[in-house]
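Novice: dropping the sequence and predicted coords here.
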Amino acid sequence: MIQVFENTDNLNTQLADLFVEKATNAIKTKGKFTVALTGGSSPAELHRLLASDAYKNKINWNKVFVFWGDERWVPLNDEKSNAGAAIKNFLNHIPIPKENIFPMWKEGIEPQVYAKEYEAILEDHLELGDIFDLIILGMGDDGHTASLFPNQEIILKEKEKKVAAYFLAPQDMYRITLTAPLINKAKQIVFIVFGEKKSNALYEVLQGERNSNLYPSQLINEDDGNVTWMVDKAAASKLSL
C-alpha cells in the first residue's frame, strides 16, 4: 500500500498515530510490543513527536521493546550511530526501561559475533522468535534499506541468518543489519520516504523492473499485505498512481 502525504508533517503525525495504535493493540493482546527503528535523518520528527507530551503518555513504555533495523558498527557516542541518536533525542525522553532497549552495538566484540548474539536476543523477545510487531524502514536514494545495499550479494542473498554483519567496502566500515527474510516476517512494515532526490529510486523499487540486486528495497515484499509506503508528494512525483 502506498500513502502519499502533502507534507512530512502530516506523514509523521500519521506514523506516530500508527505507532501508538500498534503498540496499544500488541500490549493489550500479548502483553508487549516489539519494534525496530530506522536510522538516518528520516525518523527524527517521528521521534520528537513520540517523546512529546501529546504522545508519550499514550503508550505503556514498560511493555515496549526497542530494536534497530540496522547499524553502522560504531560506538553509541559516535555521531554516525543510529541507536546513539535515537537514545539521545527520543528514548532518553520517555519512561522506557533501559533493559528494554537493544542497540546493535557491543564494545570489545567482533560485529559478526554480535550478530549471532543479537539473533539470540531477538529469539528471546520476538513472537515465535522472529516476528516483530512493527518495523520502520527508510530508503536511500540508491534504493537501499536497512543495510541491504546495492550489489552486496553477501547480504542480499542471505536466506538463513536473522541478523548479519559484513564489511561494506564503499563505506570502508562494517554494518550490522536485520536480513530481508526476517524483516518480511513482521506483522507491519512501514517505509518512510521523503524528498525529490528519492523519487527515481522509489519509482524503480515500486513500479520499475524487478532488480533487487540494484534496488534492494524490492526484497521487502508485499505478498502478505503487511508493507505500507508512507511518502511525501516530492518522493512520489514519478509514480503512476
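Specialist: Nice, thanks for sending it over.

Novice: how about the nearest residue to Pro216 once chain neighbours are set aside, what does it touch?
Specialist: Leaving aside its sequence neighbours, Pro216 sits nearest to Leu148 (CB to CB, 6 or more residues apart in numbering; 4.0 Å). Yep, even glycine has a C-beta here, placed from its N, CA and C like the rest. The contact partners of Leu148, by CB atoms under 8 Å, 6 or more residues apart in numbering, come to Ile155, Leu156, Thr177, Thr179, Ala180, Pro216, Ser217, Leu219.

Novice: the lengthiest helix in the chain packs against which elements?
Specialist: Counting by DSSP state H, the longest helix found in the chain is helix 8-30. In terms of contacts (3 or more CB pairs under 8 Å, 6 or more residues apart in numbering; DSSP states H and E), helix 8-30 is packed against strand 2-5, strand 33-37, helix 44-50, strand 134-138, strand 189-193, strand 227-232.

Novice: re the thing from before, quickly list what the residue nearest to Pro216 is bridged to.
Specialist: Applying DSSP bridges to Leu148 gives these bridge partners: Thr145.

Novice: what is the end-to-end distance of stretch 155-175?
Specialist: 10 Å (CA to CA, to the nearest Å).

Novice: buried stuff in that stretch?
Specialist: In terms of neighbour count (16 or more other CB atoms under 10 Å), stretch 155-175 has its buried residues at Ile155, Leu156, Glu158, Lys161, Lys162, Val163, Ala164, Ala165, Tyr166, Leu168, Tyr174, Arg175.

Novice: name the element the first one belongs to?
Specialist: Right, the one you point to is Ile155. Secondary structure from DSSP states H and E places Ile155 in helix 153-156.

Novice: what's the first helix or strand after that helix?
Specialist: In N-to-C order, the element after helix 153-156 by DSSP H and E is strand 163-168.

Novice: what mean pLDDT does that next one get?
Specialist: Averaged over strand 163-168, pLDDT sits at 97.

Novice: packing partners for it?
Specialist: Here strand 163-168 touches helix 111-125, helix 153-156, strand 173-178, going by 3+ CB pairs under 8 Å, 6+ apart.

Novice: how close does the residue nearest to Pro216 sit to Val205?
Specialist: The gap separating Leu148 from Val205 is 12 Å, by CB to CB, to the nearest Å.

Novice: who touches both of the two?
Specialist: Ser217.

Novice: re earlier: just the contacts of Leu148 now: which is nearest Trp105?
Specialist: Thr177 (12.7 Å; CB to CB).

Novice: the nearest residue to Leu15 once chain neighbours are set aside: neighbouring residues, count only.
Specialist: Nearest in space to Leu15, with sequence neighbours left out and distances taken as CB to CB, 6+ apart, is Leu46 at 5.5 Å. By the measure other CB atoms under 10 Å, the count of residues near Leu46 is 24.

Novice: next one: Glu99
Specialist: Using other CB under 10 Å, the number of residues around Glu99 comes to 7.

Novice: pLDDT score assigned to it?
Specialist: Per-residue confidence (pLDDT) for Glu99: 98.

Novice: hang on, it in a helix?
Specialist: Yes. Secondary structure of Glu99 (DSSP: H, G, I helix; E, B strand; the rest coil): part of a helix.

Novice: where does the nearest residue to Gln3 once chain neighbours are set aside land on pLDDT?
Specialist: Counting by CB to CB, 6+ apart, Met230 is the residue found nearest to Gln3 once chain neighbours are left out, at 5.1 Å. If you check Met230, the pLDDT there is 97.
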